[in-house]
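S.K.: Test case, fold it:
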Amino acid sequence: MNSDSIRQASAKEIEDWIVARIAEIVNMAPANVSADAPFDSFGIDSAKAISLMVELENWLNLPDELPLELLFEAEAIRDAATGIAAAVADMAAAQAEGSAAQ
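M.R.: Now for the predicted structure:
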């Protein structure tokens, strides 16, 4: 487990990060990537999706992996970001609880 603190990013910050990465992957301007579109509408293959999720986990400094379902099963990127933010908050709370117990 990573001993560094988890980045406390808001759902909007995560959304913006995902939009920017998708734009880079599919070679389009971030302004053309709608946060209201489902992730799978951008034609990103599973290898690139996993890579994106690993980069996101690293950016957030997470001690554990996020479920890919958070990205693939959300109605839209915005919803995925909200779900990811909630999962990150849960991880941060568990990390703080673990630290307090030591």
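
S.K.: what helices or strands is the lengthiest helix in the chain leaning on?
M.R.: As far as residue count goes, and with DSSP state H defining each element, the longest helix of the chain is helix 77-101. Other elements packing on helix 77-101 under the criterion 3 or more C-beta pairs under 8 Å, 6 or more residues apart in numbering; DSSP states H and E are helix 11-26, helix 69-72. Quick note: C-beta positions are derived from backbone N, CA and C, even for glycine.

S.K.: Of those, which is nearest residue 37?
M.R.: Distances from residue 37 to each of the helices and strands packed on helix 77-101 were compared by C-beta to C-beta, and the smallest falls on helix 11-26, at 9.1 Å.

S.K.: Only C-alpha atoms, please: export that closest one in CSV.
M.R.: In CSV, the C-alpha atoms belonging to helix 11-26 read as follows (Å, rounded to 0.1, in the frame of the first residue of the first chain):
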residue,chain,number,x,y,z
ALA,A,11,-15.7,15.1,-9.3
LYS,A,12,-15.2,18.1,-11.6
GLU,A,13,-11.4,17.9,-11.4
ILE,A,14,-11.6,14.2,-12.2
GLU,A,15,-14.1,14.9,-15.1
ASP,A,16,-11.7,17.5,-16.5
TRP,A,17,-8.8,15.1,-16.2
ILE,A,18,-10.7,12.3,-18.0
VAL,A,19,-11.9,14.6,-20.8
ALA,A,20,-8.3,15.9,-21.4
ARG,A,21,-6.9,12.4,-21.5
ILE,A,22,-9.7,11.1,-23.9
ALA,A,23,-9.0,14.1,-26.1
GLU,A,24,-5.4,13.3,-26.2
ILE,A,25,-6.0,9.6,-26.9
VAL,A,26,-8.5,10.2,-29.8
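
S.K.: Sweet, I'm off.
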